[in-house]
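Visitor: Structure of the sequence below:
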Amino acid sequence: MHKKIASVRDVLLKKDLDAILIGKPENRRYISSFTGTTGFVIITKDEAIFITDFRYMQQAQKECKLFKIIETSRYEPLTNILNELNIGRLGVEEEFFTYGHALDLQEKLKNLSLVALEGALTKIRSIKSKEEIEYITTAASIADKAFAYILDFLKPGAIEEDIALELEFFMRKQGASGVSFNFIVASGERSSLPHGTASNKIIEAGDFVTLDFGCIYEGYCSDMTRTMVVGEASTKQKEIYSIVLQAQKTALDAVKPGITGKDLDSIARSIIEEAGYGDNFGHGLGHGVGLEVHELPHVNIIGDIPMEPGMVITIEPGIYIPGFGGVRIEDLVVVTENGYKVLSKTSKELIEIKI
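Guide: Model (predicted):
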């Protein structure tokens, strides 16, 4: 925790700020360890303050060990606190701090100058500690167990929404506190939808079935995707699957410190393009994962941040053919000093579910 506060103070010094105001839940939890839903953090050169209302005072006193806890309500007392601290230049999370918040603060604090942090806190969070990686590893392990469990449910007559519910129930029974996102359960022609969340469609023999899911453990997310065939795969299904698997494995083997997300994206994309399916791979190769299921570093054409040990990313190429179906294969990966470690342990070889 000392290191986390120190890292925020480094941002404060670099941007010549008097204080940084943190309200985004993931950033707030990362800095303070607070797991509740209401609160603000103020970091100055000399103080670390946590502000919340009556409902969370006991929780904050227990969780936010290194912080001065102040009870307040809504925004009026927040302006009072900032005024008492004599804050001139205040760093704010532009992706979270609303226009209304800004107007309110500047109306009440005429000498206050708001400065965008430009994602600095998210950048700090992109490199995970050993403890954070352990939490993500556990979340990935729960997802692996859930995949093995759900295979028996994937058969003709099953409904996509039922599969999603069964996955969530199983993972919660295994210790997950929630789901990372709305699960993608897309079968048949719907598997050509990259974000085909579970519907009332009935799974049929011969369908591709894409499962993209993950869970939350101690606040940290997992994310994995596997695509199966219900019954015997056709020649074209095998072809598409083989291309995606080759792209996924080739990009995965290139993961190491120093390589950028756009370089990894290019490696996978070139394989799919050479096979003639470039127009059918319309999303980025992956993304960072942590307290949010989508966070830095970018693993796509705008990913210009070099990979560093401790970053956790996904590698998930896909091919999506309208009217036919699609394939995506996704692993959760931690960048190591010498390369990478795959956290998703489920096999990536094509599964043809016997019916």
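
Visitor: Compute the first-to-last residue distance for stretch 24-43.
Guide: 14 Å (CA to CA, to the nearest Å).

Visitor: For it, give the mean pLDDT please.
Guide: Throughout stretch 24-43, pLDDT has a mean value of 96.

Visitor: begin at 41 from here
Guide: With the count now opening at 41, the last piece we talked about shows up as stretch 64-83.

Visitor: List the buried residues of that stretch.
Guide: When neighbours are counted by 16 or more other CB atoms under 10 Å, the buried residues of stretch 64-83 are found to be 64-76, 78-83. From N, CA and C alone the C-beta is placed, and that goes for glycine too.

Visitor: now swap in stretch 286-302 and tell me
Guide: 287-292, 294-297, 299-302.

Visitor: Lowest-scoring secondary structure element of this protein by mean pLDDT?
Guide: Lowest by mean pLDDT, DSSP states H and E among the helices and strands of the chain is helix 116-124, with a mean of 81.

Visitor: following it, which helix or strand comes up?
Guide: strand 129-132 (DSSP states H and E).

Visitor: Pull out the buried positions in that next one.
Guide: Buried, per 16+ other CB under 10 Å, within strand 129-132: L130, G131, V132.

Visitor: can you list the buried residues of stretch 286-302 in a markdown table and add distance to I312 and secondary structure?
Guide: Converted to a markdown table, the buried residues of stretch 286-302 look like this (distance: CB to CB, whole Å; DSSP: H, G, I helix; E, B strand; the rest coil):
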| residue | distance to I312 | secondary structure |
| --- | --- | --- |
| A287 | 5 | helix |
| Q288 | 10 | helix |
| K289 | 13 | helix |
| T290 | 10 | helix |
| A291 | 10 | helix |
| L292 | 14 | helix |
| A294 | 15 | coil |
| V295 | 18 | coil |
| K296 | 22 | coil |
| P297 | 25 | coil |
| I299 | 19 | coil |
| T300 | 19 | strand |
| G301 | 17 | helix |
| K302 | 15 | helix |
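
Visitor: From F321, how far out is E335?
Guide: Shown here: E335 relative to F321, a distance of 22 Å by CB to CB, to the nearest Å.

Visitor: quick one: the strands in the stretch 191-340 of the chain?
Guide: 218-219, 224-227, 248-253, 255-257, 260-261, 264-270, 326-328, 335-339 (DSSP state E, counting those that start in this stretch).

Visitor: Of these, which is nearest L152?
Guide: L152 lies closest to strand 335-339 among these, at 28.2 Å (CB to CB).

Visitor: So which elements touch the longest helix along the chain?
Guide: Longest helix of the chain, by residue count under DSSP state H: helix 170-190. The contact analysis (3 or more CB pairs under 8 Å, 6 or more residues apart in numbering; DSSP states H and E) places helix 170-190 against helix 200-213, strand 248-253, strand 255-257, strand 260-261, strand 264-270, strand 371-375.

Visitor: Residues in contact with that helix: which ones?
Guide: With CB atoms under 8 Å, 6 or more residues apart in numbering as the test, helix 170-190 has contacts from 168, 203, 206-207, 210-211, 214-216, 220, 251, 253-264, 266, 329-330, 350, 352, 372, 374, 383-386.

Visitor: Make a markdown table from the helices and strands packed on helix 170-190 and add mean neighbour count, distance to I361 and mean pLDDT to it.
Guide: Below are these laid out as a markdown table (neighbours: other CB atoms under 10 Å; distance: least, CB to CB, whole Å; pLDDT from 0 to 100):
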| stretch | mean neighbour count | distance to I361 | mean pLDDT |
| --- | --- | --- | --- |
| helix 200-213 | 18 | 19 | 98 |
| strand 248-253 | 26 | 10 | 98 |
| strand 255-257 | 25 | 30 | 98 |
| strand 260-261 | 26 | 29 | 98 |
| strand 264-270 | 24 | 13 | 98 |
| strand 371-375 | 25 | 23 | 98 |
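
Visitor: Can you lay out the ones you listed as CSV showing distance to V225?
Guide: Shown next, in CSV, are those (distance: least, CB to CB, whole Å):
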stretch, distance to V225
helix 200-213, 4
strand 248-253, 6
strand 255-257, 15
strand 260-261, 18
strand 264-270, 11
strand 371-375, 19
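
Visitor: which one of those lies closest to I393?
Guide: strand 264-270 (5.0 Å).

Visitor: and E389, what does it touch?
Guide: The contact partners of E389, taken as CB under 8 Å, 6+ apart, are L285.

Visitor: how about the strands of the stretch 191-340 of the chain in TSV, adding distance to H235?
Guide: Putting the strands of the stretch 191-340 of the chain into TSV (distance: least, CB to CB, whole Å) gives the following:
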stretch	distance to H235
strand 218-219	15
strand 224-227	6
strand 248-253	8
strand 255-257	18
strand 260-261	16
strand 264-270	11
strand 326-328	13
strand 335-339	17
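
Visitor: Thanks a lot, catch you later.
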